[in-house]
Every structure is written in structure tokens, then in C-alpha cells.
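# below are the sequence and a predicted model for it; my questions follow.
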Amino acid sequence: MTSIGIYGSLGRMGTAIRDILAVQGVRLAGGADAGDDPAELARAADALVDFSTASALPAHLAAARDAGTPIVIGTTGLSAADHALIDDAARDIAVLQTGNTSLGVVLLTRLVREAATRLGADWDIEIVEAHHRHKLDAPSGTALMLGEAAAAGRGVSLGEVRVADRAGLSGARAEGTIGFASLRGGSIVGDHSVMLATEGERIELAHRAEDRAIFARGAVRAALWLADQPAGRYTMDAVLGL
């Protein structure tokens, strides 16, 4: 039986993943949190899931790489340097990095890319996300993932067209840009909506998470799938065969 180890095991997602492992009868290899040795868990597990913090990612990737253990990275707020580390580690181990492990969000991302591909630049794209008051990063990793899908559909990079804060801006909206808005409050698990609007009509694509268990189920499914994959960098699309 494949065993799964959890980095960030005491956090919200780590706790949810523990619960799903118990329900599904999947073996828990253990957990590691701040102050623990990540290498010990990497050696004990057949696959790892990381929902800790971006600052812990380098140590977790190094431990997984040294042990030859596949790792699913669901930690958000990653920098360009973090992504470079992931690319480098993926030369030796299987790494799946995603801003969201919900299977519904995976499909939403596909729909957003398809819509952006089919519709012209005269369709304005705005992404709105809402999360609980304790979330550290903004925009959320999922919002950025949706933005990247929209940008890819238009054949541009998100960095070229992203507008994350309109405070202080004057003048009309620039054509082809992709806007982001972030809301924080209460105990919202995660709401994401993508609006595509043009003269006289608009399309809204949305996903609302009502239970953190949806992310945990997706993370476990991804880890079980990744355990059998060769070295490389993967996304949730591959898990669903998209």
C-alpha cells in the first residue's frame, strides 16, 4: 500500500488530508512541521504532500530529492525562485505543483482557457477571489492559476497583462489586460469567479468551495497517482487525464 507523508501536517489542509487518508484507508507515513526533520519523513513515505509555507519549500524539495520521493506541492505564494527550484528538482523526481487540488477547479481552469481562446481581446477578463481572514497570500494561488489559463488562451504571458491593483489608476481599462480582486473575511473556504465581459453581454465562470475536504481528496488522489510516475513536473490536468 502506498504511504503518504504530509509537510504541514498540523495546518488546516494537513488535518483535512489526515482525515481523508483515514476515510480512504490510505496509510499515513507521518507528518513534519516547523522544527521537524523533513528528511526523515521523505525517507519513510512513498509520496509526499506539502501544504506548509513557501519559506519551507527549499528544504522539503531537497529532502524529497535526496530520498527519491515524489512530492505534491499545494503551498501557495511561491516566487519565481521557488518555481526554478521545482523545475530543477523535477529532473530527478516526480513533482506536481498546483495552486488548487480541487478537481472542480481543474475543470474550471480548462473552461477559462477555452473561453479565452475562443473570445477576442474585446472581452475583458476579471478574476475575483474570496478567502478566510487568515489567508496569507493575495491574489490566491488559484486566482493566479486561472489568470495563467486565460493568458495562455490568448497566447500571452500573465506577467504582460496582469493588473492586480487598480487603486490610484486613472483612465479607461486597457484592452487585453486581466484584472484581479481579492477579498478576505470570516471563514470563507475559497470562492473564485472569472468574468468575461464585452459590449452588451458577459460570461461568468465560478467555483465555490464549501468544505476543505475537496482539496484534501484531490491532494490524496494526486499523491497516489504521482507515486507511479517518472521524474518530471506535472499538473493536476495529468491526474485527470486532460
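That came through, no problem.
# CA only for contacts and neighbour counts going forward, please
Will do.
# where do the strands sit along this protein?
Using DSSP state E, the strands of the chain run over 3-7, 27-32, 47-50, 71-73, 94-97, 124-131, 162-163, 178-184, 190-198, 201-209, 232-234.
# output the contacting helices and strands for the shortest one.
Judged by 3 or more C-alpha pairs under 8 Å, 6 or more residues apart in numbering; DSSP states H and E, strand 162-163 is in contact with strand 178-184.
# residues in contact with Ile73?
49-51, 95-98 (C-alpha atoms under 8 Å, 6 or more residues apart in numbering).
# neighbour-wise, give me the winner out of the residues you listed.
Val95 (32 neighbours; other C-alpha atoms under 10 Å).
# rounded mean pLDDT for stretch 171-190, please.
Taken as a whole, stretch 171-190 has an average pLDDT of 92.
# likewise stretch 86-99?
96.
# would you mind measuring the gap between the ends of it?
14 Å (C-alpha to C-alpha, to the nearest Å).
# could you pull out the helices for the chain?
In the chain, the segments counted as helices under DSSP state H are 12-24, 38-44, 57-67, 80-89, 103-118, 141-153, 158-161, 213-226, 236-240.
# with distance to Ile4 and mean neighbour count as added columns, please give these in JSON lines.
Converted to JSON lines, the helices of the chain look like this (distance: least, C-alpha to C-alpha, whole Å; neighbours: other C-alpha atoms under 10 Å):
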{"stretch": "helix 12-24", "distance to Ile4": "9", "mean neighbour count": "17"}
{"stretch": "helix 38-44", "distance to Ile4": "9", "mean neighbour count": "21"}
{"stretch": "helix 57-67", "distance to Ile4": "12", "mean neighbour count": "20"}
{"stretch": "helix 80-89", "distance to Ile4": "19", "mean neighbour count": "15"}
{"stretch": "helix 103-118", "distance to Ile4": "19", "mean neighbour count": "19"}
{"stretch": "helix 141-153", "distance to Ile4": "23", "mean neighbour count": "22"}
{"stretch": "helix 158-161", "distance to Ile4": "34", "mean neighbour count": "15"}
{"stretch": "helix 213-226", "distance to Ile4": "7", "mean neighbour count": "22"}
{"stretch": "helix 236-240", "distance to Ile4": "17", "mean neighbour count": "16"}
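# how about these in JSON lines, adding distance to Ile73?
Output for the helices of the chain, formatted as JSON lines (distance: least, C-alpha to C-alpha, whole Å):
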{"stretch": "helix 12-24", "distance to Ile73": "12"}
{"stretch": "helix 38-44", "distance to Ile73": "14"}
{"stretch": "helix 57-67", "distance to Ile73": "9"}
{"stretch": "helix 80-89", "distance to Ile73": "9"}
{"stretch": "helix 103-118", "distance to Ile73": "15"}
{"stretch": "helix 141-153", "distance to Ile73": "12"}
{"stretch": "helix 158-161", "distance to Ile73": "21"}
{"stretch": "helix 213-226", "distance to Ile73": "9"}
{"stretch": "helix 236-240", "distance to Ile73": "11"}
